[in-house]
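*Asks:* here are the coordinates; sequence isn't available:
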């Protein structure tokens, strides 16, 4: 059989191995807790980025909705302005046509007045020689 010394030596070896195992388990726990902290920090950063992205997307959706509403309002305003301009053109068109007609008549009258002035001037120039001669004869100037 085995002696007490052998049993105590075997117990010492078991105790030594258990101490080594405990140390290894403690090291593993430290490493795992460090990894847990690191993973927690990493997840926190990812969640923070995701939250920021969600906020930006919501902000972008709001801007798109506002822009769409503004575009619709602008289109409606342009449509109303176009209708107003077309109505005004329909109302003003006869007056514009009358003005164009009066303008062309004015050009014709101006041409006739110019032609009459040239004709009268030519007649006066032609008749002036005879008038000067008659005036000299009447005044007895030779």
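*Replies:* Noted; the coordinates are in hand. Bear in mind that the values here come from a model prediction, so they are computed numbers and not experimental data.
*Asks:* Only C-alpha atoms from now on, for both contacts and neighbour counts.
*Replies:* OK.
*Asks:* where does the chain have low pLDDT?
*Replies:* 1, 142 (pLDDT under 70).
*Asks:* Show the residue spans covered by the strands in it.
*Replies:* Taking DSSP state E as the test, none of the chain falls into strands.
*Asks:* So which residues of it form helices?
*Replies:* 4-139 (DSSP state H).
*Asks:* any idea how far the residue most central in space within it lies from residue 78?
*Replies:* Central residue of the chain (Cα atoms, centre = their mean): residue 67, 10.0 Å from the mean position. Look at residue 67 and residue 78: by Cα to Cα, to the nearest Å, they are 16 Å apart.
*Asks:* Residue 109 and residue 99, how far apart?
*Replies:* Distance from residue 109 to residue 99, by Cα to Cα: 15 Å.
*Asks:* what's the answer for residue 15, then?
*Replies:* 120 Å.
*Asks:* Outside of stretch 7-16 itself, list whatever touches it.
*Replies:* Applying Cα atoms under 8 Å, 6 or more residues apart in numbering, stretch 7-16 has no contact partners.
*Asks:* What about residue 89, how many residues nearby?
*Replies:* 13 (other Cα atoms under 10 Å).
*Asks:* ditto for residue 133
*Replies:* Neighbour tally, residue 133, other Cα under 10 Å: 13.
*Asks:* swap in residue 124?
*Replies:* Count around residue 124 with other Cα under 10 Å applied: 13.
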